[in-house]
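In: Got a predicted structure plus its sequence, pasted below:
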Amino acid sequence: MTNKKGLEKLEQQLAESRLRLETVLLLSPVGISITRLSDGAIIECNDALLAIIGHQRADVIGRSSAELKLWVDPAQRARLFSQIAAGQIVRETLIGIRRKDGDLRQGYMSAAMLQLDGEAHLVGHLRDATD
């Protein structure tokens with residue numbers, strides 16, 4: 001009986017932790033994404049990021065920023081992804097962004113690597129810097 005109660009408590013704590021993280025993601029005015037490093041696929045993002053890049057969630061999830069042509073300078077994307085894959089943290093790096101409608105903007109990107117289910121992911125924040 002004790003093991004069952006202990007398991008129920010752990011499940012409740014996990015659910016509460018997930019809810020806290022989902023709330024932070026949802027309410028943040030900063031664009032946030034989680035990207036799988038192996039193939040660059042965006043596995044999660046918030047509405048603030050979608051507003052910055054001008055895409056709908058269905059257009060973004062499962063696709064890479066390269067596929068979506070979000071980076072004005074693809075070489076900069078490759079450099080930053082390499083730094084992150086090497087364990088470096090990227091902070092407030094100015095990048096060029098191409099919205100779905102073709103409008104060019106600038107943003108400050110911060111990102112770090114995170115292991116999820118034993119696989120490397122990039123957690124990124126993007127603040128629109130266009131006046």
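Out: The structure has been received and is ready for your questions.

In: Which residues in the longest strand seen in the chain does the neighbour count mark as buried?
Out: The strand that spans the most residues within the chain, counting by DSSP state E, is strand 104-116. By neighbour count on 16 or more other Cβ atoms under 10 Å, the buried set for strand 104-116 is 105, 107, 109, 111, 113. (Each C-beta comes from the backbone N, C-alpha and C, glycine too.)

In: From what I see, the fourth one and residue 95 are in contact.
Out: No: contact status for residue 111 versus residue 95: not in contact, 10.3 Å apart, counting by Cβ atoms under 8 Å.

In: shared neighbours, those two?
Out: Residues touching both residue 111 and residue 95 (Cβ atoms under 8 Å, 6 or more residues apart in numbering): residue 80.

In: quick revisit: averaged pLDDT, the helix or strand following the longest strand of the chain. What do you get?
Out: Using DSSP states H and E, the helix or strand that follows strand 104-116 in sequence is strand 119-128. Strand 119-128 shows a mean pLDDT of 95.

In: What is the nearest of the buried residues of strand 104-116 to residue 55?
Out: Among the buried residues of strand 104-116, residue 105 lies closest to residue 55 (Cβ to Cβ), at 13.0 Å.

In: Who is that closest one paired with across the strands?
Out: Beta-bridge partners recorded for residue 105 (DSSP bridges): residue 97.

In: How about the one 5 residues further on?
Out: According to DSSP bridges, the residues that bridge with residue 110 are residue 125.

In: Can you classify residue 87 by secondary structure?
Out: Taking DSSP: H, G, I helix; E, B strand; the rest coil as the rule, one finds residue 87 in the coil state.

In: Distance of it relative to residue 119?
Out: 15 Å (Cβ to Cβ, to the nearest Å).

In: residues in contact with the residue most central in space within the chain?
Out: Central residue of the chain (Cα atoms, centre = their mean): residue 33, 1.5 Å from the mean position. Residue 33 makes contacts with 42, 44, 45, 46, 49, 122, 123, 124, 126, as judged by Cβ under 8 Å, 6+ apart.
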